[in-house]
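K.L.:
Coordinates for the following, if possible.
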Amino acid sequence: MDKARKLYIKALNKYEEGYIDKAIDICEEIISMDIKNRACINLKGLLYYFKGDLQSASSLWKLNYEVNNDEVAKKYLQGIKHDEERLSLYISAVGFLQQMKFNDALSLLMKCKESDYNCINVDNAIATCYIKLGRSKEAARYVNNALKLDKSNDAALENRRKLVKLGATRKEIKINSFKKAAFLCLGIILVTIGIFLRKPIIDKVKNNGIMINSSVNTEKVNSAANKDYINEDDKKELEIIKDSVEGASENSGIINEGTKVTETGIKVAENVETESKAATEKSKKKEVSSKDSKNTEENVNKKSKLDESFSYKNIESYLYNKDFDNIYEYAVKWKDADLDANNRAMLDRSEEILKKEGVKYFYSKGRDYLKINADYDKAINCLSKAYAYGKDTYLSQHIVYLMGVAYESKRDSQKAINYYAEYDSNFSNGIYIKEVLYRLTLLYRDVDLSKARQYGEKLIKNYPNSEYSNSIIKSIINS
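P.N.:
The predicted structure is shown next:
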């Protein structure tokens, strides 16, 4: 028996014993010896597939198909787009779990179970839900499933410890070696002959990959001490945003056939209507000031979508009626204009009411555009206005977070990264920080691997027990 064959059997044995990472390492050794070892390449891809690392799995199958003309690998690649949708479902489910909406989380996780993709993380999340619901027997089943594939998995071991504390018997949490052996034998046969049994692919799930969670540890939420962890305003907004984004997920269908999941293929946005009108007006004024004609400059300064000149009465009426849209237009247009004392005082009043009440108005409007019809352009337009005046309000972190969400939904990865990075910089203990670090890790993976690792390590270090600190993040760190 040649060395490659011996190593292949060793990899299968490690997999059978529940040492999935060691099995992957052995597969890598085999591939370095023989890049045409189709069975080994497919096996390594499947192991990554179980761990939830779709990029690594797809890269291996693509290699196997292009170099070795492997038809099995081709079939795997054809089904990947459906698994990308399941990744979105999983992420949304984790958000529900963090919000202690365990039944909602289970509903999404059970859809994820229609495939073996990401099965370790999915089983861990399902087990956690059942533990929180007090359903120990069901939880034990999924803990065992996870440990069958990865006996050293931290999340599964933690869930097993919790089950023991809850009184679960050794029999309930013992891995069934017979079932494991039967599963493995089937896997060996199928991998060897080049056909791997995959569960039926569900119809395309309309979900845009937006997910919301609270950085509050579940145990902290359950404790009275957590009352001061998040203020009441933030709690209220968190709950509203959760519903808003889930509504957007149902309506958007953002991940569909022919598109990759956001972290591997977000398109650059085109003509996003988010640039501040103030910048536009300033640009116009600069162009005019460069000319020598004083009359031309005066004429341009008089132009306005609302009036040919500053109207004290109009803006007074807008203030009285709290017409924030027109107040904003006036405030932006005339912010840098040379006004007399009365008009300047009126403009100051306009900016003050925008900060006190307008921010909430534009924020809520933008949030609702995500919820009702997933209109990301309009959402960004409104949120941009809230962002301009909301820096010192309690809504600031919610605005920055939703700006990142909206741009990511539009496939504008760079702008999404910018807002997520701003969130990490300014709200390092914010209620969305775990999810933000998770998304930054995924978004940076194909852009700047060192930064992806940096954010992944920060997530693992600061929140080791979070569902976001999973094998996907660990595989990026170790890549």
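
K.L.:
ok, how many other residues are close to L47?
P.N.:
By the criterion of other C-beta atoms under 10 Å, L47 has 23 neighbours. From N, CA and C alone the C-beta is placed, and that goes for glycine too.

K.L.:
Without its sequence neighbours, what residue ends up closest to it?
P.N.:
Distance criterion C-beta to C-beta, 6 or more residues apart in numbering; nearest residue to L47, sequence neighbours excluded, is I24 at 5.1 Å.

K.L.:
How many neighbouring residues does Q414 have?
P.N.:
Q414: 12 surrounding residues under other C-beta under 10 Å.

K.L.:
Quick check: which ranges of this structure have low pLDDT?
P.N.:
1, 169-308, 310-311, 373 (pLDDT under 70).

K.L.:
what residues are up against Y389?
P.N.:
Going by C-beta atoms under 8 Å, 6 or more residues apart in numbering, Y389 touches 351, 354-355, 358-359.

K.L.:
scratch that, I477
P.N.:
Counted by C-beta under 8 Å, 6+ apart, I477 has contacts 453, 456-457, 460.

K.L.:
of the residues you listed, closest to Y117?
P.N.:
Of all those, Y117 sits closest to G456, with 20.2 Å by C-beta to C-beta.

K.L.:
Are there helices or strands packed against the helix or strand harbouring the closest one, and which ones?
P.N.:
Here G456 sits within helix 449-462, counting by DSSP states H and E. Applying 3 or more C-beta pairs under 8 Å, 6 or more residues apart in numbering; DSSP states H and E, we find helix 449-462 packed against helix 433-444, helix 471-477.

K.L.:
Pipe the ones you listed into TSV and attach distance to L157 per row.
P.N.:
Listed next are those as TSV, based on distance: least, C-beta to C-beta, whole Å:
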stretch	distance to L157
helix 433-444	20
helix 471-477	14
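
K.L.:
So for L149, which of those helices sits nearest?
P.N.:
Of all these, helix 471-477 comes closest under C-beta to C-beta, at 10.1 Å.

K.L.:
surely the residue nearest to L47 meets L46?
P.N.:
No - I24 is not in contact with L46 according to C-beta atoms under 8 Å; the separation is 10.1 Å.

K.L.:
related to what we said a few turns ago, so which of the contacts of Y389 sit within helices?
P.N.:
Within the contacts of Y389, residues falling in helices by DSSP state H are 351, 359.

K.L.:
And the contacts of Y389, which is closest to V405?
P.N.:
The closest of the contacts of Y389, once distances to V405 are taken by C-beta to C-beta, is V359, at 17.8 Å.

K.L.:
Any of the contacts of Y389 buried? List them.
P.N.:
Buried subset of the contacts of Y389 (neighbour count, 16 or more other C-beta atoms under 10 Å): 351, 354, 358-359.

K.L.:
Looking at those residues, which one is closest to N42?
P.N.:
V359 (53.8 Å).

K.L.:
How much space separates the closest one from T393?
P.N.:
Per C-beta to C-beta, to the nearest Å, V359 is found 5 Å from T393.

K.L.:
All the helices of the stretch 251-400 of the chain, residue numbers only.
P.N.:
Secondary structure of the stretch 251-400 of the chain (DSSP state H, counting those that start in this stretch): helices at 262-265, 277-289, 294-302, 312-321, 324-334, 341-353, 359-372, 376-389, 396-409.
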